[in-house]
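Undergrad: Compute the structure for the input listed below.
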Amino acid sequence: MIESILPGAVTAVDTFVDPPGADLFPEEEAVVRKAVDKRRREFTTARWCARQAMRRIGIAPAPVLPGTRGEPQWPFGMVGSITHCAGYRAAVLAEQEKVTTVGIDAEPNDALANGVLEAVSLAEERDRISVLLRDHPGVAWDRLLFSAKESVYKAWFPLTARWLDFEDANIVIDPLNGTFTAALLVTGPWVHGRRLSGFSGRWLAEQGLVVTAITVLAPVAPKTRPGGRLAAHR
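TA: Numbers count the residues shown, from 1 in each chain. The predicted structure is shown next:
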């Protein structure tokens, strides 16, 4: 499902069930040895998805351990993201030479609990959500906003290794084209020779879920002629 909102440079694997044969590397097993069953199943199936993605790309399956902020640590030269919620798990993976960063998130297509929207959003975002709920029923726009903010953080952290609060990005959702933009309200990192000021992403509401994704593609290296001369663009 999630592959429909990702570019071809990203390999995605998702599932609505926990495969009975999924297992963990010993290092991963140590992470969830004392975890409750729900956490263990989410962790295990997400790693199963990640290893299917590794195989599709053509690299050997490897452990995906959480970092200091819980972020998944990928094999050298790879970038990726993981998400899981009730009844759904997904992992995406890409070669760093093709994709600079990627962030995904999935949530149930249900309204947020009372008080949560106020805690995770800006006043102008809440105003826009009110309009969306009025004019485009059928999507839990408050939950979609939350999901988009999660994807923003997952795309941001590998570039900065810094925390990003919910109020540090102002998100505008396009209800008709399945896209959103996130304007950063803090100083972003230098990416591809310029200061990062925001992200653009895509969203999907399907099968009882809202799913969001952000991908920052790596710049394409200029082609060269034999002998090292740049190829002319005609």
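
Undergrad: Mind listing the residues bridging to residue 90?
TA: Residue 90 forms beta bridges with residue 14, residue 83, as assigned by DSSP bridges.

Undergrad: next one: the one 5 residues further on
TA: With DSSP bridges applied, the residues forming beta bridges to residue 95 are residue 78.

Undergrad: So it versus residue 117, what's the distance?
TA: 37 Å (C-beta to C-beta, to the nearest Å). To be clear about C-beta, it is placed using only N, CA and C from the backbone, and glycine gets the same treatment.

Undergrad: Shouldn't residue 145 be within a strand?
TA: No: using DSSP: H, G, I helix; E, B strand; the rest coil, the secondary structure at residue 145 is helix, not a strand.

Undergrad: What's the separation between it and residue 121?
TA: With C-beta to C-beta as the criterion, residue 145 and residue 121 are 6 Å apart.

Undergrad: Of the two, give the one with the bigger neighbour count.
TA: Legend: neighbour count by other C-beta atoms under 10 Å for residue 145 and residue 121, higher for residue 145 (28 against 22).

Undergrad: my guess is that one meets residue 125, correct?
TA: Yes: at 6.2 Å, residue 145 and residue 125 qualify as touching, with contact defined as C-beta atoms under 8 Å.

Undergrad: so what's in contact with the two at the same time?
TA: Common neighbours of residue 145 and residue 125, using C-beta atoms under 8 Å, 6 or more residues apart in numbering, are residue 171.

Undergrad: quick one: what helix or strand has the closest residue to residue 138 other than its chain neighbours in it?
TA: Using C-beta to C-beta, 6 or more residues apart in numbering and skipping the chain neighbours, the partner closest in space to residue 138 is residue 205 (7.6 Å). If you go by DSSP states H and E, residue 205 is part of strand 198-206.

Undergrad: Who are the packing partners of that strand?
TA: helix 141-160, strand 169-174, strand 179-184, strand 209-217 (3 or more C-beta pairs under 8 Å, 6 or more residues apart in numbering; DSSP states H and E).

Undergrad: Go again with 10 Å.
TA: When contacts are defined as 3 or more C-beta pairs under 10 Å, 6 or more residues apart in numbering; DSSP states H and E, strand 198-206 sits against strand 99-108, helix 141-160, strand 169-174, strand 179-184, strand 209-217.
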